[in-house]
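Chemist: Quick one, structure for this:
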Amino acid sequence: MDFKVLLADDEPAMRLVLRKMIEKTDGFAVAGEARDGEEAVELAASLLPDVVFLDVEMPGLSGIEAARAISEKVPGAAIIIATAHAQYMPEAFEVYAADYLIKPFKAERLQQTLAKLRVNFEKRAANTAAGRKKLLLRNHDGMILVDVGDIIYIQREEGTTEIHTTDGVYTTSDSLGKIWEKLDPSLFMRSHRSYIINTSAVKMIYPFGRWTYLVKFKIGEGDALITREKFEELQAVLEN
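Modeler: Alright, predicted model coming up:
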């Protein structure tokens with residue numbers, strides 16, 4: 001199945017160039033074309049594209065404004081800004097653009113971007129599948145079932161293991177090692193002897209002592225520890 005691409009540019013010739021480049025890239029297909037920002041937002045809401053190419057200077061909504069609106073309507077879409085103007089780059093990355101292409105760019109440059117996106121999409125699909133699984137845990141009341149995809153981090157402290165999830169905290173007598181054996185290492189990391197973290201939930205990392213870092217997450221107020229060695233591994237995961 002090809003990933004769907006939406007093109008938005010007020011220049012028909014540029015849309016044609018982009019279409020031809022994308023058609024030569026395996027795994028992607030142009031699902032629609034927009035002549036301005038407003039049309040791009042409307043088409044994105046109906047087509048639910050995987051990738052959106054946006055020019056910046058378009059009639060009506062600018063590419064940056066359209067990117068904000070599309071990100072709200074289609075959160076999973078990868079936004080790529082393709083423009084002749086380099087000065088909009090800071091604004092583009094404020095709306096979490098996946099890439100910023102300055103016209104004119106070569107087909108090889110665009111293909112590199114799409115190849116990286118394909119890898120990310122495939123990882124995300126694998127993580128989503130892993131996240132649908134259930135984790136069966138013991139506690140003093142009996143057994144509990146936790147959705148793996150809801151786990152933010154797991155902490156072992158004073159003989160008790162706490163499972164911090166998007167909908168609350170669960171406790172279990174199961175050891176961290178026993179839980180780790182049940183988790184997918186492509187989604188989780190044993191960051192410290194007392195912690196397991198969901199790598200996709202990480203928001204910020206701060207130095208915390210000489211050999212340790214503090215991990216903050218996208219959801220909740222809790223935090224976790226990660227060793228310097230594991231921090232380097234996490235860095236490589238997040239950059240790929």
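Chemist: Where does pLDDT dip in this protein?
Modeler: 126-132, 238-240 (pLDDT under 70).
Chemist: Could you give me the buried positions within stretch 176-186?
Modeler: 176, 179, 183 (16 or more other C-beta atoms under 10 Å). From N, CA and C alone the C-beta is placed, and that goes for glycine too.
Chemist: For residue 5, see how far away residue 96 is.
Modeler: Distance, residue 96 to residue 5, using C-beta to C-beta, to the nearest Å: 18 Å.
Chemist: for residue 27, same thing?
Modeler: 10 Å.
Chemist: Which strand residues bridge residue 134?
Modeler: residue 147 (DSSP bridges).
Chemist: any residues touching stretch 190-200, and which ones?
Modeler: Stretch 190-200 is contacted by residues 127, 151-157, 176, 179-180, 183, 187-189, 212, 215, 217, 224-227, 230, 234, 237-238 when judged by C-beta atoms under 8 Å, 6 or more residues apart in numbering.
Chemist: Now do the end-to-end distance for it.
Modeler: End-to-end distance of stretch 190-200: 14 Å, with C-alpha to C-alpha, to the nearest Å as the criterion.
Chemist: Which positions within that stretch qualify as buried?
Modeler: Using 16+ other C-beta under 10 Å as the test for burial, stretch 190-200 gives 190, 191, 192, 195, 196, 197, 198, 199, 200.
Chemist: Stretch 2-12 now?
Modeler: 3, 4, 5, 6, 7, 8, 9, 10.
Chemist: quick one: secondary structure of the last one?
Modeler: With DSSP: H, G, I helix; E, B strand; the rest coil as the basis, residue 10 sits in coil.
Chemist: quick one, what contacts it?
Modeler: 35, 36, 55, 57, 58, 59.
Chemist: Give the burial count for the fourth one, as a bare number.
Modeler: Burial of residue 57, expressed as a neighbour count using other C-beta atoms under 10 Å, amounts to 14.
Chemist: and it, backbone torsions?
Modeler: For residue 57, the backbone dihedrals (degrees, to the nearest 10) come out as phi -90, psi 90.
Chemist: Contact partners for it?
Modeler: Contact partners of residue 57, counting by C-beta under 8 Å, 6+ apart, are 10, 63, 83, 85.
Chemist: change it to 6 Å
Modeler: If a contact means C-beta atoms under 6 Å, 6 or more residues apart in numbering, then residue 57 has no contacts.
Chemist: From residue 219, how far off is it?
Modeler: Counting by C-beta to C-beta, the gap from residue 57 to residue 219 is 36 Å.
Chemist: Repeat that for the third one.
Modeler: In this structure, residue 55 lies at 34 Å from residue 219, with C-beta to C-beta as the measure.
Chemist: Which one's more surrounded, the two?
Modeler: residue 55 (26 against 13).
Chemist: outside of the top helix by length along the chain, which residues touch it?
Modeler: The single longest helix within the chain, with elements called by DSSP state H, is helix 107-131. Contact with helix 107-131 is made by 21, 25, 27, 28, 78, 99, 148, 149, 184, 187, as judged by C-beta under 6 Å, 6+ apart.
Chemist: Report the buried members of those.
Modeler: 21, 25, 28, 78, 99, 148, 149, 187.
Chemist: would you turn the contacts of residue 10 into CSV with secondary structure and distance to residue 69?
Modeler: Shown next, in CSV, are those (DSSP: H, G, I helix; E, B strand; the rest coil; distance: C-beta to C-beta, whole Å):
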residue, secondary structure, distance to residue 69
35, coil, 16
36, coil, 12
55, coil, 15
57, coil, 17
58, coil, 13
59, coil, 15
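Chemist: For those, work out which two are farthest apart.
Modeler: Within the contacts of residue 10, 35 and 57 form the most distant pair, 13.0 Å apart (C-beta to C-beta).
Chemist: Quick one: distance of the host helix or strand of residue 234 to the chain centre.
Modeler: Residue 234 belongs to helix 228-239 when assigned by DSSP states H and E. Mean C-alpha position of helix 228-239 versus that of the full chain (C-alpha atoms, centre = their mean, to the nearest Å) differs by 16 Å.
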